[in-house]
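Trainee: here is the input, now give the coordinates:
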Amino acid sequence: MITEIANKIYQHQKNGMEMDKITLEYPELDVNNAYEIQKLSIDYAIENGDPLIGWKMGLTSIAKQKSVKVDEPIYGRLTKSMELDSNELHLEGTIHPRVEPEIAFVLNKPLFGNDVTAADVWEATEYIVPALEVIDSRYKNFSFTLTDVVADNASSSKFMIGKKEYSPTFTSWDQIQVELYKNGEKVQSGVSSDVLDHPVESVVKLVKMLSKNGYQIEPGMVILTGGITEAIHVGHGDLVEARFEGLENMTLRVSK
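Mentor: Model (predicted):
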């Protein structure tokens, strides 16, 4: 059953097709089952030449966790095909894409273990960059339970990271003010401390969650630490700009 569901989700992710929530047909599934499904579906992608290049965190704001009645974030996997090589998002293959600004860590050492600390993460950090993530649930109406969203790789779709690399000591990474503009109009704002009080804590939490399942973060991997603002809907012709105080700004143009 788990394998069958994973293959179905992989096909819908690959082809940008909507599907019913898996919990409608399999209400007995729990979050642990969902992480098994997630791993298997991404294994299919890896086997088909789309390597794992990083991890992402979701539900990293306390308010979001409370709204869905959970007490910890969720994680997903990033593969090579998800990374945008330009600042253009093509809508082909998407269903209902949304964009959010994030802080991304790139590591130069492996991280593993339930006793990892923020100091360990800083020591393993090669550089930090601003990022934009495109989330896009495969479920109809962007409606799902926690189990559904974890199985669907935490709604991972596309992402882009900034070209300017910053050292861990460049600034106070929990005090980055971010404004999100859509077609020139400010639509969202936030501060990086909205991500588990500090983006580095998101990486710490990710390492601990992965360690429970026997996984580690490998050198060179990208870690998206979580949305600093609410995600905004985008469609053909939209121009999204994220202004990160003191850092490189990010722009994303949406086309067919």
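
Trainee: going forward, measure contacts and count neighbours with C-alpha atoms only.
Mentor: Noted.

Trainee: and the strands in this structure?
Mentor: 52-58, 74-79, 88-90, 98-107, 125-135, 156-161, 177-182, 185-191, 222-224, 232-233, 239-244, 250-255 (DSSP state E).

Trainee: quick one: the shortest one to chain centroid distance?
Mentor: Right, the one you point to is strand 232-233. Strand 232-233 has its C-alpha centroid displaced from the chain centroid by 15 Å (Cα atoms, centre = their mean, to the nearest Å).

Trainee: same for it, what does it pack against?
Mentor: Judged by 3 or more Cα pairs under 8 Å, 6 or more residues apart in numbering; DSSP states H and E, the packing partners of strand 232-233 are strand 98-107.

Trainee: give me the residues contacting the strand it packs on.
Mentor: If you take Cα atoms under 8 Å, 6 or more residues apart in numbering as the criterion, strand 98-107 is touched by 124-136, 161, 178, 180, 192, 199, 218-234, 242.

Trainee: partners of it, with directions?
Mentor: Applying DSSP bridges, strand 98-107 is found paired with strand 125-135 (antiparallel), strand 222-224 (antiparallel), strand 232-233 (antiparallel).

Trainee: picking that back up, can I get the strands of the chain in CSV with mean neighbour count and mean pLDDT?
Mentor: Output for the strands of the chain, formatted as CSV (neighbours: other Cα atoms under 10 Å; pLDDT from 0 to 100):
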stretch, mean neighbour count, mean pLDDT
strand 52-58, 21, 97
strand 74-79, 23, 97
strand 88-90, 18, 97
strand 98-107, 25, 97
strand 125-135, 23, 98
strand 156-161, 24, 98
strand 177-182, 20, 98
strand 185-191, 16, 97
strand 222-224, 26, 98
strand 232-233, 16, 96
strand 239-244, 22, 98
strand 250-255, 18, 98
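
Trainee: which one, of the strands paired with strand 98-107, ends up nearest to Leu111?
Mentor: strand 125-135 (10.1 Å; Cα to Cα).

Trainee: now that closest one, how far from the centre of its chain.
Mentor: Worked out by Cα atoms, centre = their mean, strand 125-135 lies 10 Å from the chain centre.
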